[in-house]
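K.L.:
Kindly return the folded structure for what I paste below:
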Amino acid sequence: MAPQILQNCKLWVGEFELSGSLNRMALSIAQELVENTVFGMVGKSRLPGQLRPSMQHAGFWNPGTDLPDEILSAKLALPDIPVTISPLAGAEGDVAYSFQAILAKYAPGGEVAGMARFDVTAEGSSDRVFRGLILTNAARTVTGNGTAFQLGAVSAIQKLYGALHILTVSGGTPSLTIKIQSAPTSGFAAPTDRISFTAATVRGFQWATPLPGSITDTWWRATWTISGSSPSMLFVVSAGIS
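P.N.:
You can find the predicted model right below:
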């Protein structure tokens, strides 16, 4: 893939998308190095410890319902909020990074006669960051299956991860159940359910329990079951192997 110009990055924090208020995004994935130097060594010795994902974003302050000031103030210091970052456009098949985060800092401010701005940082709060794909990102009104993507097999030392962001829900008694399935071929003639998210009736978010390998299937998709009276749900599903 050619070098990218950042023009339409996407950020989902829990049940909200904040992309439209941001003009700077950064993701850091740091590997802790644990020292195990002992007598007799001529140099320092280190072993890899825990991965530490974090994000540092900035944008334009905007008060009001479901806007950054309300969202970030309410979620400050809450642990295990799923965060998904897409450096491209967040379209189905685009690369995405997801992790469970705790919003550690929210700093609104600015200069006289200047734009009101904010900075937000978040640190990983549990589990690990996974690099994967957006399996689906659209408003749905009926039960269906998503596009098949060749995400790869899950080895015996890896796990399958999944994150769900439900952004809007409408209709009478709506219900949404989402699964992540795998199959040996793109035709999905014999799919296997790998991750089943809890049925949802309101906007929200879920972080799937990681599924250990090994899994030899290489093709993956999201599938959803929708019920209710004139239901409509906008949701994003990311999946990855790590």
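K.L.:
Now name the helix or strand holding Ser62.
P.N.:
Residue 62: Asn, not Ser. Assigned by DSSP states H and E, Asn62 belongs to neither a helix nor a strand.
K.L.:
try Gln4
P.N.:
Counting by DSSP H and E, no helix or strand carries Gln4.
K.L.:
Would you mind measuring from it to Ile71?
P.N.:
The gap separating Gln4 from Ile71 is 27 Å, by CB to CB, to the nearest Å. Just so you know, the C-beta spots here come from the backbone N, C-alpha and C atoms, and that holds for glycine as well.
K.L.:
For the two, indicate the residue with more neighbours.
P.N.:
For Gln4 and Ile71, the more surrounded residue by other CB atoms under 10 Å is Ile71, and the numbers stand at 22 against 10.
K.L.:
Number of residues surrounding Trp61?
P.N.:
Trp61 is flanked by 17 other residues according to other CB under 10 Å.
K.L.:
swap that for His57, sorry
P.N.:
Neighbours around His57, by other CB under 10 Å: 25.
K.L.:
The helix or strand encompassing Pro231 pairs with which strands, and in what direction?
P.N.:
Mapping Pro231 onto the secondary structure by DSSP H and E places it in strand 219-241. Sheet partners assigned to strand 219-241 using DSSP bridges are listed as strand 117-140 (antiparallel), strand 144-145 (antiparallel), strand 149-150 (antiparallel), strand 159-183 (antiparallel).
K.L.:
So which residue is dead centre in this structure?
P.N.:
Closest residue to the average C-alpha location of the chain: Thr84 at 2.6 Å, with CA atoms, centre = their mean.
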